[in-house]
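**Student:** after the sequence you'll find the predicted model.
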Amino acid sequence: MVSFAAGAICIPLVVQMCKKYNLYDQPNARKVHKVAIPRLGGIVFMPSMLFGITAGFTVLHNYNGKTFVLTVSMVAMIFGAFLIYLIGLLDDFKGMKAAHKFVIQLVASSVFPLCNLMINDLHGFCGINEIPIYVSYPLTVLVIMVIVNAMNLIDGIDGLSSSLSILILLAFAHLYYQLGAPIFVLLAIGLVGPVVAFFIYNFFGKVGRNKVFMGDTGSLFLGYVIAYLAIKYQMYNDLVFPYREESLLVSETLVFIPVIDVARVAIFRKLRGNGIFEPDKTHIHHIIMQAGASMHQTLAIILLMFGVFCVVNYGLFIFDLNITFIILIDVAIYGLFMWIMSKLGEE
């Protein structure tokens, strides 16, 4: 509630600042919106989250006597999150070259494995379990960068990136609660608050009054925190959390839609001879809208897909299907859905 209140109070102030200094997201051929919208709503995410986490720590300490010590991985996440937040700010205010953003994202992503937070076990995917450190390091960096940019690139219609993030963060809050890890619960819940506040202004706000976009600052920061929670949850380290056979599948399921979408778009751009960072209208929300759905219907469809993947993967895991086949089924379901949408869009 504290972080939500902070976000709800600050976002209107951000909107006024955007109007004063002409900080708008301008419409163009590849964007859905047709008028200029204030673009800095996401700058409230990090300070509101920190405010909420501090309040949560204070309450737990006063009522339960719990004290929390920052771990190395938490310090690394804070440093990396600050870098991600900073490049988002610079990009939203002045614009940044893709190469410069890539380098800083690479640095921010590299702090995880350097602090021994990494993908070190594939839990039977393709018959592989423990993997050597020289594979684990680059794989972890790659996955973090993919998740960060996936959450950024799927931010194409009202409420999409924020609502997906809310569902993912709430799921991780529940999962870490089950593990008895309150510090990670607070991290997830602390970020949910301002994202919910943003969603209200973004989805229900009126153009010209209080409607706002999150900008790169918000979407990149969301991606980074989600990547941290996902990597932390799936990592096998019996000194931290007990071994959980399903941990990699859980993390994969929660980030599947944005990650598979950005992978598909990048592959098809390359096949067409275009640069993988060249903007176009081929993301999942574009394809669904081209098939005839409205913006709100598109949001509902994608959120329903998120729920379907969660239910399907849980059911397949309960029936003891190997993680390799579960992920292949996910890809097949996604591929079939996108093929159907593409065909409808051609009619």
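**Tutor:** Cool, got the structure.

**Student:** any stretches of the stretch 201-347 of the chain with poor pLDDT?
**Tutor:** Scanning the stretch 201-347 of the chain for pLDDT under 70 picks out 208, 347.

**Student:** what helix or strand is residue 13 on?
**Tutor:** helix 2-21 (DSSP states H and E).

**Student:** what does that helix contact?
**Tutor:** 23-24, 38-41, 43-45, 47-49, 51-53, 55-56, 189-198, 200-201, 210-212 (CB atoms under 8 Å, 6 or more residues apart in numbering). In short, each C-beta sits where N, CA and C put it, glycine included.

**Student:** among the residues you listed, name the buried ones.
**Tutor:** Buried subset of the contacts of helix 2-21 (neighbour count, 16 or more other CB atoms under 10 Å): 23, 38-41, 43-45, 48-49, 51-53, 55-56, 189-198, 200-201, 210-212.

**Student:** look at residue 118 and give its secondary structure.
**Tutor:** Reduced to three states with DSSP: H, G, I helix; E, B strand; the rest coil, the structure at residue 118 is coil.

**Student:** element containing the closest residue to it other than its chain neighbours?
**Tutor:** Leaving aside its chain neighbours, residue 118 sits nearest to residue 140 (4.1 Å; criterion: CB to CB, 6 or more residues apart in numbering). For residue 140, the element it lies in under DSSP H and E is helix 133-153.

**Student:** helices or strands up against the helix or strand that that helix is followed by?
**Tutor:** Sequence order places helix 160-178 as the next helix or strand after helix 133-153, per DSSP H and E. Contacts defined by 3 or more CB pairs under 8 Å, 6 or more residues apart in numbering; DSSP states H and E place helix 160-178 against helix 133-153, helix 182-204, helix 215-234, helix 247-271, helix 295-318.

**Student:** what's the closest of those to residue 331?
**Tutor:** Residue 331 lies closest to helix 247-271 among the helices and strands packed on helix 160-178, at 6.7 Å (CB to CB).

**Student:** so in the protein, which strand runs the longest?
**Tutor:** strand 121-125 (DSSP state E).

**Student:** report the buried residues of it.
**Tutor:** 121-123, 125.

**Student:** neighbouring contacts of that strand?
**Tutor:** Contacts for strand 121-125 (CB under 8 Å, 6+ apart): 128-131, 234-236, 245-249, 322-324, 327.

**Student:** quick check: phi and psi at residue 238.
**Tutor:** Backbone torsions of residue 238, given as degrees, to the nearest 10, read phi -70, psi -10.

**Student:** again with residue 206
**Tutor:** Main-chain dihedrals, residue 206, degrees, to the nearest 10: phi -100, psi 130.

**Student:** okay, whichever helix or strand residue 102 is part of in CSV with CA atoms only?
**Tutor:** Secondary-structure assignment from DSSP H and E places residue 102 in helix 98-114. Listed next in CSV are the C-alpha coordinates belonging to helix 98-114 (Å, rounded to 0.1, in the frame of the first residue of the first chain):
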residue,chain,number,x,y,z
ALA,A,98,21.3,1.3,-29.3
ALA,A,99,25.0,0.4,-29.0
HIS,A,100,25.4,2.6,-25.9
LYS,A,101,22.3,1.0,-24.3
PHE,A,102,23.6,-2.4,-25.2
VAL,A,103,26.9,-1.9,-23.4
ILE,A,104,25.4,-0.6,-20.2
GLN,A,105,22.8,-3.4,-20.2
LEU,A,106,25.7,-5.8,-20.6
VAL,A,107,27.5,-4.4,-17.6
ALA,A,108,24.3,-4.4,-15.5
SER,A,109,23.6,-8.0,-16.5
SER,A,110,27.1,-9.2,-15.8
VAL,A,111,27.0,-8.3,-12.1
PHE,A,112,24.7,-11.2,-11.4
PRO,A,113,27.1,-14.1,-12.4
LEU,A,114,30.0,-12.1,-11.0
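
**Student:** and that helix, which residues are buried?
**Tutor:** Across helix 98-114, burial judged by 16+ other CB under 10 Å covers 101, 104-105, 108-113.

**Student:** circling back to that earlier point, helix 182-204 and the helix holding residue 13, what's the angle between them?
**Tutor:** With axes from the mean of the first three to the mean of the last three CA atoms, to 10 degrees as the basis, helix 2-21 and helix 182-204 are set at 40 degrees to each other.
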